[in-house]
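A.B. asks: make a model of this:
(one chain, ligands or ions: 2)
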Amino acid sequence: MKPWGIFLLLLCLQAFTDAVIGQSQTCPADENASRCDEWEGEFFPGIDKIKYEGPSSKNPLSFKWYNAEEEILGKKMKDWFRFSVAFWHTFRGTGADPFGAPTKYWPWEDGTNSLQMAKRRMRANFEFINKLGVDWWCFHDRDIAPDGETLEKANANLDEVGKKKVLWGTAQLFMHPRYMHGAATSSELGVYAYAAAQVKKAMEVTHHLGGENYVFWGGREGYQSLLNTDMERELNHLARFFEAAVAYKKKIGFNGTLLIEPKPQEPTKHQYDWDAATTANFLRKYGLIGEFKLNIECNHATLSGHSCHHELETARINGLLGNIDANTGDPQVGWDTDQFLVDIQEATMIMLSVIRNGGIAPGGFNFDAKLRRESTDVEDLFIAHIIGMDTMARGLRNAAKLIEDGTLSELVRKRYQSFDTEIGAQIEAGKADFDFLEKKAKEWGEPKVASAKQELAEMILQSVL
Ligand code: XUL
Ligand code: CO
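C.D. replies: Ligands and ions are numbered 1, 2, ... in the order given. Okay, here's the model as predicted:
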């Protein structure tokens, strides 16, 4: 057959497939970028909007526990969670690790980092979010703008894609070599200024997209060795940087919450925002406590030697619970594996804090979680988010049962009932000095100490799982 004959045959074949199965469905990896840009088909063909089908469903592409419109304790499930997709993991994650090359080749990627590719990827993001039934997404400036381009150049792209809500935006201040000593805590003044300019722009973009929060994760704000580090000076610089961010937020009329995301280490040996308590102390010391809240990430909590529940409660009782980066680590692996959280008991404890806090809006649950390197199908992106959402939904249902049942809170109330007395009230009001207490101790003799009932508490928790 002559070459044009082959060409005609191919054209006929294409027309035939288009007629039978509709438009060619994905944007192939080797596709010409401009044609892909015009293409309006689906990125996730064959995957419909994910529906709630109830716990007996065996359909992996359905919710078994998350029922967006269902009310739990007077609030719709979707409003308790305000679920968000992390653009960097879901659309920029490649599966590469320190030992191996990327494993994921999504069909819409063309192997370039062009502006067209950024736009196409963003369309994939919005189709994904729509089909998942999620309203929010989170981004790093450097993940949505092509490498080597300025944010200004990427803004036109952002203007086109502002249909879905941004839960939070952030500046990526850890990848580029200029940030090797930190950003706001760098020993180099020029780096401090560059980081300020980057945050300024990222905050503007977040504001422009209607973002409800802005996150500071101090990836390299810490140290490797105290021998060459002036820790006090670096912390002072960090505080000045945050003060300037607060001032700029007010200047541009951005009403979103500023959030700090604690993490103890990785990539630095010791990061300044070690955990919720350390960060709260920092904010208090520098008079910034009213200006910031915390974004608690569960995997960061376990890295700092705490449970996620501990970190949430620490944030909550300090009035600082702002957002949750919903993920988990692996109990046998000591680093930030950013896995989807699938532990129902942990989810129940998390939701106890969230309910006690009356919800976390304008924050939400951002899936700062990625597929395992070995999970390489497009549908795995959906399955991972579905199980993440279902786990949290089970947690909410269980926590609501615990609260409605009241047995656990009664156990806690009883544990402290000796303070529900006149003298207890005096102590709690700060009106019992040591002389008075010594008099009472002598009068009462050896105190009777009751059981803490931990196993009973665990039994009560298990009864709702
Ligand atoms: C890193 C981490 C970040 C922040 C945003 O451990 O959690 O992805 O959430 O920079
Ligand atoms: Co995070």
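A.B. asks: run through the residues that contact whichever residue of the chain sits closest to ligand 1.
C.D. replies: Proximity of the chain to ligand 1 (CB to the nearest ligand atom) peaks at residue 217, 3.7 Å away. The way it works is simple: take the backbone N, C-alpha and C, and place the C-beta from them, glycine included. Contacts here follow CB atoms under 8 Å, 6 or more residues apart in numbering; on that basis residue 217 touches 170, 260-261, 263, 273, 295.
A.B. asks: rerun at 6 Å
C.D. replies: Residues in contact with residue 217 (CB atoms under 6 Å, 6 or more residues apart in numbering) are residue 261.
A.B. asks: how about the residues of the chain by ligand 1?
C.D. replies: Residues of the chain found near ligand 1, taking CB under 6 Å from any ligand atom as the criterion, are 140, 170, 215, 217, 261, 263, 297, 325, 336, 368.
A.B. asks: 5 Å instead?
C.D. replies: Counting by CB under 5 Å from any ligand atom, the residues of the chain close to ligand 1 are 170, 217, 368.
A.B. asks: quick check: residue 223 touching residue 233?
C.D. replies: No - judged on CB atoms under 6 Å, residue 223 makes no contact with residue 233 at a distance of 11.4 Å.
A.B. asks: so which residues on this protein come close to ligand 2?
C.D. replies: Contact residues (CB under 5 Å from the ion) of the chain with ligand 2: 297, 325, 368.
A.B. asks: tabulate these (TSV), appending pLDDT.
C.D. replies: Formatted as TSV, the residues of the chain next to ligand 2 follow (pLDDT from 0 to 100):
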residue	pLDDT
297	98
325	98
368	98
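A.B. asks: closest one to residue 145 out of these, please.
C.D. replies: Relative to residue 145, the closest of the residues of the chain next to ligand 2 is residue 368; by CB to CB it sits at 19.7 Å.
A.B. asks: residues in contact with the residue nearest to that closest one when sequence neighbours are not counted?
C.D. replies: Nearest non-adjacent residue to residue 368, counting by CB to CB, 6 or more residues apart in numbering: residue 325, 3.8 Å away. Going by CB under 6 Å, 6+ apart, residue 325 touches 295, 297, 366, 368.
A.B. asks: among the residues you listed, who's most crowded?
C.D. replies: Neighbour counts for the contacts of residue 325, by other CB atoms under 10 Å, peak at residue 295, which reaches 30 neighbours.
A.B. asks: ok so, going back, quick one: which of the contacts of residue 325 sit in helices?
C.D. replies: The members of the contacts of residue 325 all map outside helices under DSSP state H.
A.B. asks: please point out which parts of stretch 354-368 sit buried.
C.D. replies: With burial defined by 16 or more other CB atoms under 10 Å, the residues of stretch 354-368 counted as buried are 354-355, 357, 359-360, 362-368.
A.B. asks: again with stretch 200-220
C.D. replies: Buried-residue list, stretch 200-220, by 16+ other CB under 10 Å: 200-209, 211-220.
A.B. asks: which ones among the residues you listed lie within helices?
C.D. replies: Judged by DSSP H, the buried residues of stretch 200-220 include 200-208 as members of helices.
A.B. asks: pLDDT and distance to residue 313 for those - can I get that in CSV?
C.D. replies: Output for those, formatted as CSV (pLDDT from 0 to 100; distance: CB to CB, whole Å):
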residue, pLDDT, distance to residue 313
200, 96, 34
201, 92, 35
202, 94, 30
203, 97, 30
204, 95, 34
205, 91, 33
206, 95, 28
207, 95, 31
208, 91, 35
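A.B. asks: okay, buried residues for whichever helix in the chain runs longest please.
C.D. replies: In the chain, assigned by DSSP H, the helix with the most residues is helix 378-405. For helix 378-405, the buried set under the neighbour-count rule, 16+ other CB under 10 Å, comprises 378, 381-400, 402-403.
A.B. asks: could I get the contacting residues of whatever residue of the stretch 151-300 of the chain ends up closest to ligand 2?
C.D. replies: Relative to ligand 2, the nearest point of the stretch 151-300 of the chain is residue 297 (4.3 Å; CB to the ion). Taking CB under 6 Å, 6+ apart as the criterion, residue 297 is in contact with 261, 325, 368.
A.B. asks: and the helix or strand hosting residue 137, how far out from the chain middle?
C.D. replies: Per DSSP states H and E, residue 137 falls inside strand 136-140. Computed by CA atoms, centre = their mean, to the nearest Å, the chain-centroid distance of strand 136-140 equals 9 Å.
A.B. asks: which helices and strands does it pack with?
C.D. replies: Here strand 136-140 touches strand 83-86, helix 87-90, strand 165-170, going by 3 or more CB pairs under 6 Å, 6 or more residues apart in numbering; DSSP states H and E.
A.B. asks: for the longest one, give me every contacting residue.
C.D. replies: It refers to strand 165-170. Strand 165-170 is touched from outside by 84, 135-136, 138-140, 202, 206, 209, 211, 213-215, 364, 366, with contacts defined as CB under 6 Å, 6+ apart.
A.B. asks: next one: the second one
C.D. replies: With CB under 6 Å, 6+ apart as the contact definition, helix 87-90 has outside contacts at 137, 139-140, 143, 370, 381.
A.B. asks: measure how far that helix is from the centre of its chain, please.
C.D. replies: Offset of helix 87-90 from its chain centre (CA atoms, centre = their mean): 11 Å.
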